[in-house]
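In: below are the sequence and a predicted model; questions follow.
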Amino acid sequence: MTQLSRESVVYTTPWTSANGAAWLATPTSYSRTRISVASVTRRRPGWPRTQSLVGIFLLQDPNPDWARLQSPLTLFAETRSSNSEGLPGEDINSLFFWSELDQFKLTVSVSAALDNPAAEHISQRPAEVNLATRNTFHQAEQWLHECLTTHKEGPDYLSKPRLPTRVIDVGCDSESIVRLFEPSSVTHDQYTAISYCWGTRRFTATTTANIEAHKTGIDTSTLPQTIRDAITVTRGLGFRYLWNDALCIIQDSLDDKCKVIGGMGEIYRNCTLTIAAVSAAGSYEGFLHPKPLLMADLPYRCPDGEIGTVRLLSQKNVDLWCETMFTRGWCLQEYLLSARLLLFTNTEVIWSCQCTPFQRPDTTHVSYSFELPTLPTSPVHRLPVNFFTPSNPPSAPPGTQFDTAHFMEWTSLVANYSRRRLTVAADRLPAISGIARYFAQAYMDEYFAGLWKRQFIEFLTWRRSSRVQPENFSRPASYLAPSWSWASIEGPIEFQFQNGPVLKPPKVPGAKLISCTVETVSEHAPLGEVKGGRVILEAQLIPVSASPILQKSGFEGGVVYWDEFYPSWELDDEMKQTCWCMLLGEAWASSPKSSEAISLVLVPVDGSQDVFRRIGLHRYLAKAAAKPWNGATKRRTITII
């Protein structure tokens, strides 16, 4: 019977022990075996906790009652039935433990160092404790070479792109000085870029006062660790130039910031490789030295009797949505627009490009949630491969399959982006402007502060995510965008038609776009920060007092998604007299006998009869749901600001 102690594991065949020590032996005839662990004994004197397989289990177990281990545990061994290295016998990948009483589970990866006898039978290598190694750079070079020579996601990626206005000349490995380089003319060369989170601590950046000194030289010891690590990777991969926003943008020059930010999409799109600090919470944290993991080394008896050592590592479970890179607003366009990325996590390096969105090392050290890039809800979802090189500009009318794909791609992207954080609220539109520029080219469409002309009415169906708590419902103190734009508020956004626009052929006419204008802060950033905007629509309007909103019988009145939170969740008497419902359109419902009317809730601006501000979105499900808006006299031309 297999025995288990708090500080050691004793196995019988095929997990063998003759003298009470902990052993792991090569399995001989199975690829997945269940072994019951029957008893718990006291820890063997002198055995350190760091050398304990069960120590790993106990430290991870949220149940503090060790007596529960008197009941049986279960062990599975997962192996590879075949392996690329042609190792004899079965090749162990992982061990799985769990308590059948409370279903606590633990996965342990099994690995062996290359210079250990066990490496002849265990192909998996231990997790790196330092990612700045030749092994890491060699793997990255292989991925990069494969992408450059075999992937056809863009035009002539082997050519050298045009360098940005400024880059960092990283020099060679032995130098402690880097330099800010400003090409005097158009210069073409390969360069890397870094995607990272600044954090809250101040650090060295380029300003009008020090830019000339930075051209002479920057001592790397004065830079935060994340930028220093990016320099190390750039040098390690054989590149000379690195683009970094803090050093390559004059931070106290509004004109320079607008010019560079307006072109940041091209900077990331044209760079040969983007270095992404996925888990680093700030610029001083760095990303080349992973955090220590709970592990144990055990003797391993090879088939020929030789004794080696295997490393058992508690598998790390990573929810990518919780990693720093996938919570920051600016990082989204840096990720989507980069042709290739090296994603440095706390444990390993992952490759991402248009053709291979998520390629990780062949190990079981880490398990990822939401890693399927084909899902629009995945944080590693990429834009379509042909997105950046459209061959047939659209000429079809709205409502075609092309427009449906456009709508779904953009609404999914906005839902992803809006759940991320921005340090500066005014970056709501600038931080996505690079992606908007490529969308405009790909779909031959006109962009208005987060919405698109071809399906403007459908894009007006945005609303606050149902996951947002009411106390967070408020507009920012500073102006971000017109009230009709999702960018006018902070927090997660959803769209009513998440699977594509589904408006019915109208019996009651829906809204029609007449014109839209947006005033931007800078002429250098036409898709960036705005200071004003208005849309003129022709639509059916009825007073809120005549709308289904005021029906008192629960859901029969429909649902209102307020842009701002009203403490009573009801309109006061004054708003009942002044607010209006503007019909966007009537949508198909699940029942053939009913439909869904989608309308905006509007409030007049300064008592005007024709100028309004949006305050919410209303859904009304009923038979002939749009009937309250029917009538030629209810159709008006209005302006929303």
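Out: Done, it's in.
In: contacts only, for the closest residue to residue 196 other than its chain neighbours.
Out: Using CB to CB, 6 or more residues apart in numbering and skipping residues adjacent in sequence, the residue nearest residue 196 is residue 277, 4.1 Å away. All C-beta spots, glycine's among them, are computed from the backbone N, C-alpha and C. Taking CB atoms under 8 Å, 6 or more residues apart in numbering, we find residue 277 in contact with 194-197, 226, 229-230, 285-287, 324-325, 344.
In: give me the buried entries from those residues.
Out: Neighbour-count burial within these applies to 194-197, 226, 229-230, 285-287, 324-325, 344; the criterion is 16 or more other CB atoms under 10 Å.
In: pick the one among the residues you listed closest to residue 460.
Out: Set against residue 460, the nearest of the buried ones among the contacts of residue 277 by CB to CB is residue 325 (31.0 Å).
In: the closest one belongs to a strand?
Out: No: under DSSP: H, G, I helix; E, B strand; the rest coil, residue 325 falls outside any strand and is assigned helix.
In: that one and residue 281 touch, don't they?
Out: No: Residue 325 is beyond contact range of residue 281, at 10.3 Å (criterion: CB atoms under 8 Å).
In: circling back: ok, the buried ones among the contacts of residue 277 vs residue 613, which is closest?
Out: The nearest member of the buried ones among the contacts of residue 277 to residue 613, counting by CB to CB, is residue 197 at 34.4 Å.
In: residue 434 versus that closest one, what's the distance?
Out: Distance of residue 197 to residue 434, given as CB to CB, to the nearest Å: 18 Å.
In: over to residue 144?
Out: 23 Å.
In: what pLDDT, on average, does stretch 406-417 get?
Out: Average pLDDT, stretch 406-417: 90.
In: report the buried residues of it.
Out: Residues 406, 407, 408, 409, 410, 411, 412, 413, 414, 415, 416, 417 are the ones in stretch 406-417 that count as buried (16+ other CB under 10 Å).
In: is residue 538 bridged to anything, and to what?
Out: Using DSSP bridges, the bridge partners assigned to residue 538 are residue 512, residue 637.
In: right, and it touches residue 636 too?
Out: Yes: judged on CB under 8 Å, residue 538 makes contact with residue 636 at a distance of 7.4 Å.
In: OK, contacts around the residue lying closest to residue 511 once chain neighbours are set aside?
Out: By the measure of CB to CB, 6+ apart, the closest residue to residue 511 outside its immediate chain neighbours is residue 539, 3.8 Å from it. With contacts defined as CB under 8 Å, 6+ apart, the neighbours of residue 539 are 510, 511, 512, 582, 583, 584, 635, 636, 638.
In: let's see that with 7 Å instead.
Out: Listed by CB atoms under 7 Å, 6 or more residues apart in numbering, the contact partners of residue 539 are 511, 512, 582, 583, 635, 636, 638.
In: go on, residue 590?
Out: The neighbours of residue 590, taking CB under 7 Å, 6+ apart as the test, come to nothing; the list is empty.
In: please apply the same query to residue 197.
Out: The neighbours of residue 197, taking CB under 7 Å, 6+ apart as the test, are 280, 281, 282, 324, 328.
In: ok, residue 260 next?
Out: Contacts were defined as CB under 7 Å, 6+ apart; by that measure residue 260 touches 165, 249.
In: next structured bit after the host helix or strand of it?
Out: In this structure, residue 260 sits in helix 254-262 according to DSSP states H and E. Reading on from helix 254-262 to the C-terminus, the next helix or strand found by DSSP H and E is helix 264-270.
In: in its sheet, what does the helix or strand harbouring residue 96 sit against?
Out: Residue 96 belongs to strand 91-99 when assigned by DSSP H and E. Sheet partners assigned to strand 91-99 using DSSP bridges are listed as strand 73-80 (antiparallel), strand 105-111 (antiparallel).
In: now it, how far from the chain's geometric center?
Out: What separates the centre of strand 91-99 from the centre of its chain is 30 Å, taken as CA atoms, centre = their mean, to the nearest Å.
In: helix, strand or coil for residue 607?
Out: Taking three-state DSSP as the rule, one finds residue 607 in the coil state.
In: count of residues packed around it?
Out: The burial metric for residue 607, expressed as a neighbour count using other CB atoms under 10 Å, is 7.
In: hmm, residue 531 is touching residue 522, no?
Out: No: Residue 531 sits out of contact with residue 522 when judged by CB atoms under 7 Å, with a separation of 9.8 Å.
In: more neighbours: which of those two?
Out: With other CB under 10 Å as the criterion, residue 531 and residue 522 differ in neighbour count, and residue 522 comes out ahead with 17 against 12.
In: contact partners for the residue nearest to the more buried one when sequence neighbours are not counted?
Out: Beyond its immediate neighbours in the sequence, the residue positioned closest to residue 522 (CB to CB, 6+ apart) is residue 258, lying 3.8 Å away. Each residue near residue 258 by CB under 7 Å, 6+ apart is listed here: 522, 524, 525.
In: any low-confidence regions in the stretch 251-400 of the chain?
Out: The model of the stretch 251-400 of the chain has pLDDT under 70 over residues 371, 386, 389-400.
In: and if you look at the stretch 401-550 of the chain?
Out: Under the criterion pLDDT under 70, the flagged ranges of the stretch 401-550 of the chain are 401-402, 468-474, 498-502.
In: nearest residue to residue 168 other than its sequence neighbours?
Out: The shortest distance from residue 168 to any non-neighbouring residue, by CB to CB, 6+ apart, is to residue 242 (4.5 Å).
In: then residue 436?
Out: Distance criterion CB to CB, 6+ apart; nearest residue to residue 436, sequence neighbours excluded, is residue 527 at 4.7 Å.
In: do the same with residue 490
Out: Counting by CB to CB, 6+ apart, residue 490 lies nearest to residue 476, which is 5.7 Å off, once chain neighbours are set aside.
In: now swap in residue 340 and tell me
Out: Skipping the residues right next to it in sequence, residue 340 comes nearest to residue 353 by CB to CB, 6+ apart, at 4.5 Å.
In: run through the residues that contact the closest residue to residue 266 other than its chain neighbours.
Out: Using CB to CB, 6+ apart and skipping the chain neighbours, the partner closest in space to residue 266 is residue 434 (7.6 Å). With CB under 7 Å, 6+ apart as the criterion, the residues that contact residue 434 are 264, 265, 333, 337.
In: what's the spacing between residue 434 and residue 270?
Out: 11 Å.
In: before we move on, back to that, which strand or helix spans the residue nearest to residue 266?
Out: Under the assignment given by DSSP H and E, the secondary-structure element containing residue 434 is helix 433-443.
In: listing partners with orientation, what would you give for the next helix or strand after that helix?
Out: The first helix or strand that comes after helix 433-443 along the chain, using DSSP H and E, is strand 447-448. Here strand 447-448 is paired, per DSSP bridges, with strand 451-452 (antiparallel).
In: who's in contact with the strand it pairs with?
Out: 410, 445, 459, 485.
In: got a quick ChimeraX command for the buried subset of these?
Out: What follows is the ChimeraX syntax selecting those of those that are buried according to 16+ other CB under 10 Å:
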select :410,445,459,485
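In: ok, which pair from the contacts of strand 451-452 is furthest apart?
Out: Comparing all pairs in the contacts of strand 451-452 by CB to CB, the longest separation belongs to 445 and 485, at 15.6 Å.
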